[in-house]
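Asker: Sequence and predicted structure, then a few things I'm wondering about:
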Amino acid sequence: MASTLKTIALFGGTFNPVHFGHLRMALELKQVLGFDQMRLLPSHQPAHRAEPGVSAQARRDMLALALEHCTELQLDERELQRNGPTYTVDTLEELRAELGYQVSISFCMGLDSLLGLPAWHRWEQLLTLAHLVVVTRPGWQIPRDGEVAELLLRHRGELADLQREAAGRILLREQTLLPISATGIRSLIKSGRSPQFLLPERVLDYIQTHQLYKSEQ
Ligand code: ATP
């Protein structure tokens, strides 16, 4: 009988700020796909996307507050601790060096990110390090030809593969998204309206205490 590996999933993002869309998606993926661990992985934000006055530390603190009473989701701060831009492939190599190959690692992303994958740094190596769990969003079509279509043809797998193999499969997973975005929350605050009920109360308190997202971009 094939052995079952420990399964670790990563959910990356800028989380500027973290909201219920992120948290529900991460929790549902963990529970529906049965991962042993689900780690939220805040990324360095490229300078051109940075919000004035919102530091990496603030994004990290808001995530920590959101997860304070949640035993199912963990915070993985490794990308914030590295200086300069972070590439997913470097993060996965670092994790592999720590965890070895007796662990299954799944990197979760939206289909829109999968379509842009060929532009990622050393993208061909990603699947040697991890599985990709791709959440299909309404309105997006799976490509029929091109590099991503070929990648899907070679690597598409099913849930059982994620428990049997350490890396190398692409799992497509249809999931309903809550209609919440960090961009929407930032623009509500800028225009003086409240984002209450879109994100955890303690995150909102942090935003108010530190006067975040009020300035013009
Ligand atoms: P922004 O509006 O600033 O682009 P965002 O809300 O889309 O931010 P990110 O930090 O860019 O959030 O995204 C982190 C991850 O969460 C990405 O994989 C993204 O696809 C996913 N995501 C974003 N919004 C939602 C949502 N409402 N439901 C589920 N997943 C989401």
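Answerer: Sure, I can see it.
Asker: Report the separation between residue 167 and residue 128.
Answerer: Residue 167 sits 6 Å away from residue 128, taking CB to CB, to the nearest Å as the criterion. In short, each C-beta sits where N, CA and C put it, glycine included.
Asker: What strand or helix carries residue 7?
Answerer: strand 6-13 (DSSP states H and E).
Asker: Return the set of buried residues in the helix or strand just after that strand.
Answerer: Sequence order places helix 20-33 as the next helix or strand after strand 6-13, per DSSP H and E. Buried residues in helix 20-33, defined by neighbour count with 16 or more other CB atoms under 10 Å: 21-23, 25-26, 29-30, 33.
Asker: and helix 20-33, what does it pack onto?
Answerer: In terms of contacts (3 or more CB pairs under 8 Å, 6 or more residues apart in numbering; DSSP states H and E), helix 20-33 is packed against strand 6-13, strand 37-42, strand 73-75, strand 103-110, strand 131-136, strand 170-174.
Asker: Any buried residues in the third one, and which?
Answerer: Within strand 73-75, the residues that qualify as buried are 73, 75, counting by 16+ other CB under 10 Å.
Asker: Stretch 207-217 too?
Answerer: In terms of neighbour count (16+ other CB under 10 Å), stretch 207-217 has its buried residues at 207, 212-213.
Asker: which of those lies closest to the ligand?
Answerer: Set against the ligand, the nearest of the buried residues of stretch 207-217 by CB to the nearest ligand atom is residue 213 (10.8 Å).
Asker: Isn't the closest one up against residue 207?
Answerer: Yes: contact between residue 213 and residue 207 holds when scored by CB atoms under 8 Å: they sit 6.5 Å apart.
Asker: okay, and the common contacts of these two?
Answerer: 17, 189 (CB atoms under 8 Å, 6 or more residues apart in numbering).
Asker: Just want the angle from the strand holding residue 7 to helix 20-33.
Answerer: Relative orientation of strand 6-13 versus helix 20-33 (axes from the mean of the first three to the mean of the last three CA atoms, to 10 degrees): 160 degrees.
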